[in-house]
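Peer 1: Fold the following for me, if possible:
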Amino acid sequence: MSEVVTGEAVVVEVRIAQLPSRAAAFIIDWLVQVAALIVISLLLANATIITDGALAAGLGILFSALVLVGYPVIFETVSRGRSLGKLALGLRVVSEDGGPERFRQALFRGLAGLVEFWALSGAPALITSLINQKGKRLGDVFAGTIVIGERSPRQAPPPPMPLQLAGWASSLQLSQLQDELANTARQYLSRWHQLSPNVQHDMGMRIAGQVSACVAPPPPPGVPPYAYLAAVLAERRRREELRLAQTRGPASPYGRASQWNQGASQPATPPYDGAPGSPAFPYGTAPAHPSDVAPRSPGQETPASVPNPPAEPAGPTPGGFVPPT
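Peer 2: Reported below is the predicted structural model:
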């Protein structure tokens, strides 16, 4: 992903097209152009009305220019940044500010492509694309354009709210949670099943510690990092959807009869014990690592799913996720 500043000074994220997809799109366009050149050559060679050799050579040069330069320029101008190859691969040429490609920019790209690909066998385009952070070739540099991918990869479903943490999550203060950190937590949850137990624990504790530094109040005792992060992200998503729904009418993302959605005062949240009787959590059972839970407060019972604490009495902690020393 790359950030693009629009003409209205709004920063948006776009997915820059990678070199393999651009190369595949170029091969498709190249095959179309070669086929067009072969057809034109056969027509000119078999044309009986053209008896002058100079005229035939002039027409050959004219049609070759139309195929090599006119094809990408006309297609990208009419289809707003897409040739046949880019259309097949889901790519589009846009201005650096995210706007549609203009005729002037398409002409610059077409003329530069004639030199880059047909005269120099694509070497300048390959080298420039590898060096440039946004994958630009020389034509993109001259025209002020970038090539983006329109087909975004399929995303994993958002993490659901653990039922036992719904009451606690409704009182969270999320104003300090940055989008980048929330996206990191979301990616961790989506890949939880693919990680080894050690990586699940280490990465979960690290991300949960970063999130707990921006979110208050601390979670109930016994909450594993994956459940804590799922609750924070689900509550954050619920509030964003609620703000959007206010402009379209009342719509509760988690149902109308839920006490959590009605904004009623919530009772004290009990220690997390895996929410017996609730649907299975999509990220598996709580890890068995003894440090993979939130710190305990004095006087509170140990949940059944959490290993017994050390013999020494635990002192009061401010909450959050702090690995044991």
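Peer 1: And what about residue 92, helix, strand or coil?
Peer 2: Counting by DSSP: H, G, I helix; E, B strand; the rest coil, the backbone at residue 92 sits in strand.
Peer 1: Also the one 5 residues further on?
Peer 2: Here residue 97 is coil, with the state taken from three-state DSSP.
Peer 1: gap between it and residue 108?
Peer 2: Applying CB to CB, to the nearest Å, the value for residue 97 to residue 108 is 16 Å. Any C-beta I mention is one placed from the backbone N, CA and C, and that applies to glycine too.
Peer 1: any weak-confidence spans in the stretch 151-300 of the chain?
Peer 2: In the predicted model, the stretch 151-300 of the chain carries pLDDT under 70 at residues 152-156, 247-300.
Peer 1: What are the boundaries of the helices in this protein?
Peer 2: Counting by DSSP state H, the segments of the chain that form helices are 19-45, 53-65, 71-78, 84-89, 103-113, 123-131, 138-143, 166-169, 179-190, 197-212, 225-245.
Peer 1: and of those, who's closest to residue 160?
Peer 2: Residue 160 lies closest to helix 225-245 among the helices of the chain, at 6.2 Å (CB to CB).
Peer 1: Can you list the buried residues in the closest one?
Peer 2: Applying a neighbour-count criterion of 16 or more other CB atoms under 10 Å, the buried positions in helix 225-245 are 225-238.
Peer 1: Next: stretch 123-137.
Peer 2: In terms of neighbour count (16+ other CB under 10 Å), stretch 123-137 has its buried residues at 124-126, 128-129, 134-137.
Peer 1: hang on, the earlier thing: closest to residue 69 among the buried residues of helix 225-245?
Peer 2: For the buried residues of helix 225-245, the closest approach to residue 69 (CB to CB) belongs to residue 237, at 48.7 Å.
Peer 1: can you give me the mean pLDDT across stretch 86-105?
Peer 2: The predicted model gives stretch 86-105 an average pLDDT of 92.
Peer 1: So what touches it?
Peer 2: Residues lying outside stretch 86-105 but in contact with it, judged by CB atoms under 8 Å, 6 or more residues apart in numbering, are 4-7, 12, 14, 17, 21-22, 24-25, 28-29, 73, 76-77, 79-82, 85, 106, 109, 140, 143-151.
Peer 1: in it, what counts as buried?
Peer 2: Buried positions in stretch 86-105, judged by neighbour count with 16+ other CB under 10 Å: 86-87, 89-96, 98, 101-102, 105.
Peer 1: Nearest to residue 180 among these?
Peer 2: Residue 180 has its nearest neighbour among the buried residues of stretch 86-105 in residue 98, at 20.4 Å by CB to CB.
Peer 1: separation between that closest one and residue 169?
Peer 2: In this structure, residue 98 and residue 169 are 35 Å apart, going by CB to CB.
Peer 1: circling back: from the contacts of stretch 86-105, list the buried ones, please.
Peer 2: Taking 16+ other CB under 10 Å as the criterion, what is buried in those is 4, 14, 17, 21-22, 25, 28-29, 73, 76-77, 81-82, 85, 106, 109, 140, 143, 145-150.
Peer 1: contacting residues around residue 37?
Peer 2: 63-64, 67.
Peer 1: mind redoing it with 6 Å?
Peer 2: Taking CB atoms under 6 Å, 6 or more residues apart in numbering as the criterion, residue 37 is in contact with residue 67.
Peer 1: now swap in residue 136 and tell me
Peer 2: The neighbours of residue 136, taking CB under 6 Å, 6+ apart as the test, come to nothing; the list is empty.
Peer 1: gap between residue 245 and residue 62?
Peer 2: 59 Å.
Peer 1: quick one: the closest residue to residue 26 other than its chain neighbours and residue 136, what's the gap?
Peer 2: Beyond its immediate neighbours in the sequence, the residue positioned closest to residue 26 (CB to CB, 6 or more residues apart in numbering) is residue 85, lying 6.2 Å away. The span separating residue 85 from residue 136 equals 17 Å under the rule CB to CB.
Peer 1: Same check on residue 46?
Peer 2: 42 Å.
Peer 1: quick one: terminal-to-terminal distance for stretch 215-226?
Peer 2: Here the two ends of stretch 215-226 are set 15 Å apart, with distance taken as CA to CA, to the nearest Å.
Peer 1: what comes up buried for it?
Peer 2: Buried positions in stretch 215-226, judged by neighbour count with 16+ other CB under 10 Å: 215, 218-226.
Peer 1: of those residues, closest to residue 207?
Peer 2: The closest of the buried residues of stretch 215-226, once distances to residue 207 are taken by CB to CB, is residue 225, at 7.1 Å.
Peer 1: so the closest one touches residue 208, yeah?
Peer 2: Yes: in this structure, residue 225 sits in contact with residue 208. The criterion is CB atoms under 6 Å, and the distance is 3.9 Å.
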